[in-house]
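**Q** Let me see the structure of the following:
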Amino acid sequence: MSDNIIEFSIANQAATHLGRKLYNSNPPALAELVANSYDAYATKVNIMINNSFICVIDNGRGLNIDELRNKYAKIGKRKIQEFPINDLSERKPMGQKGIGKLAAFSLGDEYSVYTKNSLQNKWITFKLLYSAFMNDEITYPVEWSEVDNLPDYLMQYNNYDSGFIVVIERPIRTPTQSTIANLKVHLSRRFYIASSETNFTLYINNEIVDLYTHEYYKNIDFLVYFGYTNDEINSIFPNIDNDKKIKYTKNKEVVDYIDEHVEAGFKGWFGSALKPKQLQTKDYDFNNVIVYIHKKIADENIFKDSGNARMASQYLVGEIQADFLHSDDSPITSSRQGLDTSDEYVKEFIENLDFIRKFFIEKWDEFRSKETIEYLPESIRNNDSYNKWLETLEPNEKKLHDKLLNMMMKRIDTAEDETMQDREIKQMIQSIVNTINNVQIVEIEKKLNIQEIDDKYIDFLNILMNKIEKSEATKAFELAKQRISAIKELEKMLEEKELKEKFFEEHLYKHPWLINPYWNQKTSNQDSFNTIRQKYYKSIDKEGDQHRNFIDILIETAEEQYPIIVELKKNTPTGHANIEYEDITKQIKQYRQAVMQNLPNNIQKPIKPTEIKAYYIISEDAGLKDTGNTISFSEDEMRYLKDSNIELLKYNQIISNAYSSYDEFIKIIKQEKKIPNFD
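**A** Numbers count the residues shown, from 1 in each chain. So this is what the prediction gives:
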């Protein structure tokens, strides 16, 4: 081997399978590079990111040429734990398989390395090309050289005694200010490192990223924990009342499992937020339970293969420290899929966590039932007439009120529009009041004595008949049953593979609330809500050519200034239903142009196309790229559709959303047996 050559192993297109295919977005790829820096006993890591390049710079131990050849260039070789430097405490390695370096190839097509250890005066540098790793050769020879100084844009790090720098030029995914800000949130959650204890600090463009206290901590209002001492959990969540922090003690076998592994770093918590949107950012949902091993995320959603309590899961977030799962034959997989659920130890781990999760949901339901009134908007919570009515309730009526309010609030909590949310809550409370009145009807019936036909009896009878006439509870229940029936009908339609588009169009035209729960043909005032099927518009393009446009469903509602476009395809993704991103944007652009040209007020002020809301309904066989679906979109395409005011809906997504609105409400009414049900 030539003295200025490093031979990299590239068999089986490792850069593709262990680099680009493992990390389809920037955060997990950068997290792997940060983990390498942590393992190298860096105390500072700075990610410099802009439109031209991404740099990951650390002051860790660095590598000499022998280490580069024997360790760095060996793809997939098990990582050997490094010895501490600079009087640092021992760190358990985050990486294991020696593949983290390939994560850089999911960020760009080539990257440069600069490194030196404390015994070197010069930096070793070389460049790796993704295309070279795609060759059929077993090895890839790379020339290296030494330089006295780093490039000008890295000169501030030139005085490092040791370190490792990765420079990715021309990133595949061009970063924006929004994605850079979002990167801080993502990376924060991928690690659990207290800088004061570990002497490790991460920066993005010279700004510190908190790797210990995560974004959503401030919104958590209730939790169940294990493995932590009271002092530890109080230091993490000082703002939560003590009676809302519950230590798990229910199942002895689970407690024994915790005690068996607590010394090896097993601890965690399950928490809830007041509203689901408090566990979300524009581009990320936190409502899942993650697992850390040696301070780095090992599984982004440990219950991804488990059934969820439909409502409670929207409020649930959790973090589990599971260092005891690490071993030389660790069940961790180096992929975004996380822990290997076929491993017996992992199965046992998940089963025990599931007991704790179910206990959390049980206690959370109790807590929410007691506290739900406190979560109502202030204008409703302090409404005098509502409070006076509550004072008149018997204990059993108050219990029913709390159950129904808790159940319905879970659904309304997901609404983004505050004004619409308040309106929904008022309507919901009115329905609950009518349901409770139905309970009162039963109590009045008990007081009637058919043997005494007198004025008192007739007065009672009049009260009873009046309440029956006014009560909306039965109507609300029957309406909910009808809607469940409509949902089931749509489910059956999805099973018919050859069903044509017009049948889906007809069903959604009859039941527009399936698309948006606030759309209701039968009960909405015609002046404020109108639905038109196969709306015809004539439009003229820039060349003067006329076009005939038939919009599947056009919705006119008081809440939107302009009509809403609903375009849909059949569920089977064949023929014209096998659409792509360009098909959607082109069709919606054409329809928006037609709508704008035919609006009566289009000469009064300019109209932006994106001001016209559009829904595009597609097959359930759709997803992000690399998911294996027939129809697929990139993350950038999905983001552009959202920014363009185009909401993409899958048929199975419509069904899931609709069930979550009505299924549990009917269930609780049936359990109370206060409203007749003959199904």
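**Q** contacts and neighbour counts: CA atoms only from here.
**A** OK.
**Q** Break this structure down into its domains, please.
**A** Domains of the chain are assigned by automatic domain parsing as 5-209, 215-372, 376-471, 481-661.
**Q** any chance of those domains in CSV, plus mean pLDDT and mean neighbour count?
**A** Putting the domains of the chain into CSV (pLDDT from 0 to 100; neighbours: other C-alpha atoms under 10 Å) gives the following:
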stretch, mean pLDDT, mean neighbour count
domain 5-209, 85, 18
domain 215-372, 83, 17
domain 376-471, 65, 15
domain 481-661, 86, 16
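**Q** Tell me where the stretch 351-500 of the chain has helices.
**A** In the stretch 351-500 of the chain, the helices defined using DSSP state H, counting those that start in this stretch lie at 378-381, 384-391, 395-412, 418-447, 455-470, 473-495.
**Q** How far away from the center of its chain is the last one?
**A** Averaged C-alpha coordinates place helix 473-495 at 28 Å from its chain's average position (C-alpha atoms, centre = their mean, to the nearest Å).
**Q** now the second one
**A** In terms of C-alpha atoms, centre = their mean, the gap separating the centre of helix 384-391 from the centre of its chain is 38 Å.
**Q** swap in the shortest one?
**A** Its chain's C-alpha centre lies 30 Å from the corresponding centre of helix 378-381 when counted by C-alpha atoms, centre = their mean.
**Q** Give me the helices and strands touching it, please.
**A** Under the contact definition 3 or more C-alpha pairs under 8 Å, 6 or more residues apart in numbering; DSSP states H and E, helix 378-381 sits against no other helix or strand.
**Q** which residues are contacting the helix or strand encompassing Asn549?
**A** Using DSSP states H and E, the element containing Asn549 is strand 546-557. Residues outside strand 546-557 that contact it (C-alpha atoms under 8 Å, 6 or more residues apart in numbering) are 505, 509, 528-541, 562-568, 591, 594.
**Q** per-residue confidence at Phe477?
**A** Phe477 carries a pLDDT score of 62 in this model.
**Q** 47 is where my numbering starts, stick with that
**A** Fine by me, first position is 47 from now on; the one you just mentioned is Phe523.
**Q** Looks to me like Lys651 is in a strand.
**A** No. Per DSSP: H, G, I helix; E, B strand; the rest coil, Lys651 lies outside any strand segment and is coil.
**Q** returning to that earlier point: show only the entries of the contacts of strand 592-603 found in helices.
**A** Members of these lying in helices (criterion: DSSP state H): 551, 555, 637, 640.
**Q** How much space separates Arg107 from Thr656?
**A** Here Arg107 is placed at a distance of 52 Å from Thr656 (C-alpha to C-alpha, to the nearest Å).
**Q** Assign a three-state SS to Tyr186, would you?
**A** Classification of Tyr186 using three-state DSSP returns strand.
**Q** Okay, and the beta partners of it?
**A** Tyr186 has these beta-bridge partners by DSSP bridges: Phe54.
**Q** Identify the residues contacting Glu626.
**A** Listed by C-alpha under 8 Å, 6+ apart, the contact set of Glu626 reads 677-679.
**Q** I'd like those laid out as CSV, including secondary structure.
**A** Listed next are the contacts of Glu626 as CSV, based on three-state DSSP:
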residue, secondary structure
Ile677, strand
Ser678, strand
Phe679, strand
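**Q** and which of those residues is nearest Tyr238?
**A** The shortest gap between Tyr238 and any of the contacts of Glu626 belongs to Phe679, at 31.8 Å (C-alpha to C-alpha).
**Q** which residues touch the residue lying closest to Glu544 once chain neighbours are set aside?
**A** The shortest distance from Glu544 to any non-neighbouring residue, by C-alpha to C-alpha, 6 or more residues apart in numbering, is to Thr618 (7.2 Å). By C-alpha under 8 Å, 6+ apart, the contact list for Thr618 reads 543-544, 665, 667.
**Q** What is the most widely separated pair among those?
**A** Glu544 and Asp667 (14.6 Å).
**Q** hang on, isn't Phe129 packed against Glu136?
**A** Yes. Phe129 is in contact with Glu136 according to C-alpha atoms under 8 Å; the separation is 7.3 Å.
**Q** Which residues are in contact with each of these two?
**A** Between them, Phe129 and Glu136 share no contacting residue, judged by C-alpha under 8 Å, 6+ apart.
**Q** wait, Pro609 sits on Thr656?
**A** No. Using C-alpha under 8 Å, Pro609 is not in contact with Thr656; the gap is 11.9 Å.
**Q** so where does the closest residue to Pro217 other than its chain neighbours fall, helix or strand?
**A** Closest residue in space to Pro217, ignoring its immediate chain neighbours: Gly154 at 4.7 Å, by C-alpha to C-alpha, 6+ apart. Gly154 belongs to no helix or strand when assigned by DSSP H and E.
**Q** any idea how far Gly154 lies from Met201?
**A** 23 Å.
**Q** returning to that earlier point: CA atoms of the strand holding Asn595 as PDB?
**A** The C-alpha coordinates for strand 592-603 follow below in PDB (Å, rounded to 0.1, in the frame of the first residue of the first chain):
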ATOM      1  CA  GLN A 592     -60.800  27.900 -23.100                       C
ATOM      2  CA  HIS A 593     -60.900  25.000 -20.600                       C
ATOM      3  CA  ARG A 594     -63.800  23.100 -19.100                       C
ATOM      4  CA  ASN A 595     -63.300  22.300 -15.400                       C
ATOM      5  CA  PHE A 596     -65.400  20.000 -13.400                       C
ATOM      6  CA  ILE A 597     -64.600  20.100  -9.700                       C
ATOM      7  CA  ASP A 598     -65.600  16.900  -7.900                       C
ATOM      8  CA  ILE A 599     -67.000  18.700  -4.800                       C
ATOM      9  CA  LEU A 600     -67.100  22.500  -4.100                       C
ATOM     10  CA  ILE A 601     -67.700  23.600  -0.500                       C
ATOM     11  CA  GLU A 602     -69.000  27.100   0.300                       C
ATOM     12  CA  THR A 603     -68.900  27.900   4.000                       C
END
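**Q** Quick one: the strands in the stretch 47-196 of the chain, in order.
**A** Assigned by DSSP state E, counting those that start in this stretch, the stretch 47-196 of the chain shows strands spanning 51-55, 90-95, 99-104, 156-162, 169-175, 185-189, 191-193.
**Q** quick one: which of those is nearest Lys313?
**A** When the strands of the stretch 47-196 of the chain are ranked by proximity to Lys313, the top entry is strand 90-95, at 27.3 Å, counting by C-alpha to C-alpha.
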